[in-house]
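Enquirer: sequence isn't available, so here's the structure alone:
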């Protein structure tokens, strides 16, 4: 009310001193100012109440959005932590697999070496047996050849009249007589 009273007094002074001329533009400005004043005084409370409800609704909407974003971020954080843990587990599994593979290969090499030694020993044993059999065969062949030579020398000494063979035949007979 005090504002309205001081406004009216000021308005009357301005008009009486002829600072403003009353033309159409001024009257339109004056009516617009009066309209704004009446609207503000009569509808100000309901408009401010409407704005407050709108601001509360927007505020609640923003809080809900922030809470949902926060929950989504927490879910993403948990998921990222699971991914990190999964990567760690995969790396641990990789290390275990490498250690296992190395250990297996070392043991497999040792096994192959022992198998190779066993196979080598078996081959050596077979070679030794083969050598003995060849030795027997060679001895038998030599004995057969010597026997054949003796029979030939005896035949040549008795049936053929070559001095050399006759002398060998006599030497053989003498050696046999000495043994008896």
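Expert: Perfect, thanks for sending it. Here the structure is a predicted model, which is why all the values come from computation and not from measurement.
Enquirer: can you pull out the helices in this structure?
Expert: Assigned by DSSP state H, the helices in the chain fall at 2-16, 24-159, 163-179.
Enquirer: for the second one, packing partners?
Expert: Helices and strands in packing contact with helix 24-159 are listed as helix 163-179; criterion 3 or more Cβ pairs under 8 Å, 6 or more residues apart in numbering; DSSP states H and E. Every residue, glycine included, has its C-beta placed from N, CA and C.
Enquirer: try 10 Å
Expert: Other helices and strands packing on helix 24-159, by 3 or more Cβ pairs under 10 Å, 6 or more residues apart in numbering; DSSP states H and E, are helix 2-16, helix 163-179.
Enquirer: now the angle from it to helix 2-16?
Expert: Interaxial angle, helix 24-159 versus helix 2-16 (axes from the mean of the first three to the mean of the last three Cα atoms, to 10 degrees): 120 degrees.
Enquirer: now do helix 24-159: distance to the chain's middle.
Expert: With Cα atoms, centre = their mean, to the nearest Å as the basis, helix 24-159 stands 3 Å off its chain's centre.
Enquirer: same check on the first one?
Expert: Between the mean C-alpha location of helix 2-16 and the chain-wide mean there is a distance of 87 Å, by Cα atoms, centre = their mean.
Enquirer: mean confidence for that helix?
Expert: Throughout helix 2-16, pLDDT has a mean value of 74.
Enquirer: by contact count, what packs against that helix?
Expert: Where contact means 3+ Cβ pairs under 10 Å, 6+ apart, helix 2-16 is packed against helix 24-159.
Enquirer: quick revisit: dump the helices and strands packed on helix 24-159 to a markdown table, plus distance to residue 155 and mean neighbour count.
Expert: What follows is these, written out as a markdown table (distance: least, Cβ to Cβ, whole Å; neighbours: other Cβ atoms under 10 Å):
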| stretch | distance to residue 155 | mean neighbour count |
| --- | --- | --- |
| helix 2-16 | 168 | 10 |
| helix 163-179 | 9 | 11 |
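Enquirer: now distance to residue 60 too, for these, in TSV please.
Expert: As requested, those are exported to TSV (distance: least, Cβ to Cβ, whole Å):
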stretch	distance to residue 60
helix 2-16	36
helix 163-179	137
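Enquirer: among the ones you listed, which comes closest to residue 133?
Expert: Judged by Cβ to Cβ, the one of those that comes nearest to residue 133 is helix 163-179, at 32.5 Å.
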